[in-house]
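Visitor: Sequence plus the predicted model coming up.
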Amino acid sequence: MRSFSFSFVTEALIADLCDIRGSYMRAPDSCFWVAEAGGAVVGMVGAAPSPRGEAMELKRLSVSRDHRGHGISKALCGEVLRFAQARGYRAVVLYTSTVQLVAQRLYERQGFRKVAETSPSLFSSLICFYLIHYRLELPSRPQGFPYSCTAEK
């Protein structure tokens, strides 16, 4: 099952991560952040409007194994929440899998609540691999709360 889930996640990442600028930096209400340590990228997260546009979607949160446990995931998650709130979104949604237990704990500690579980395919349901849908309602945006995302050249 681990190789299936790894394969599924890898394929799901290919399209947007091959063109971060086009997927996140040029699209309205989208952004992409990286965390650096010692001149190397050690973490990343993206944000884009959800397919129906009613919420901001937190996407591709990842931190290198050597840098986990130092609050980087929490900080990146916080950036997405602030960005969404500044853009006037009332909620942030995300999707993770049943095998990503550490991610589930992180999101739940940040205030996200499970709203659904779905199976990406018949095969995935046969091996009990599900996507978990999370949602976090945001407080209304305070006045004069600017936030911008610009592409670094």
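Guide: Looks like it came in fine.
Visitor: just checking, what packs against the lengthiest strand in the chain?
Guide: Ranked by residue count and defined by DSSP state E, the top strand of the chain is strand 40-49. If contacts are counted by 3 or more C-beta pairs under 8 Å, 6 or more residues apart in numbering; DSSP states H and E, strand 40-49 sits against strand 31-37, strand 56-63, helix 72-86. (C-beta placed from N, C-alpha, C; glycine too.)
Visitor: Could you give the bridge partners of residue 117?
Guide: Beta-bridge pairing for residue 117 (DSSP bridges): residue 132.
Visitor: how deep is it tucked in, by neighbour count?
Guide: Neighbourhood size, residue 117 [other C-beta atoms under 10 Å]: 11.
Visitor: which other residues reach stretch 89-98?
Guide: Contact partners of stretch 89-98, identified using C-beta atoms under 8 Å, 6 or more residues apart in numbering, comprise 5, 8-9, 29, 47, 49-50, 54-59, 61, 80-81, 84, 103-104, 107, 112, 117, 128-138, 140.
Visitor: Give the buried subset of those as a ChimeraX selection command.
Guide: Per 16 or more other C-beta atoms under 10 Å, the buried members of the contacts of stretch 89-98 correspond to this ChimeraX selection:
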select :5,8,47,49,50,55,56,57,58,59,61,80,81,84,103,104,107,112,129,130,131,132,133,134,135,136,138
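Visitor: returning to that earlier point: which residues outside the longest strand of the chain are in contact with it?
Guide: 16, 20, 23-24, 27-36, 55-64, 66-67, 72-73, 76-77, 79-80, 83-84, 89, 92.
Visitor: do that again at 7 Å, thanks
Guide: 24, 27, 29-36, 56-64, 67, 72-73, 76-77, 79-80, 83-84 (C-beta atoms under 7 Å, 6 or more residues apart in numbering).
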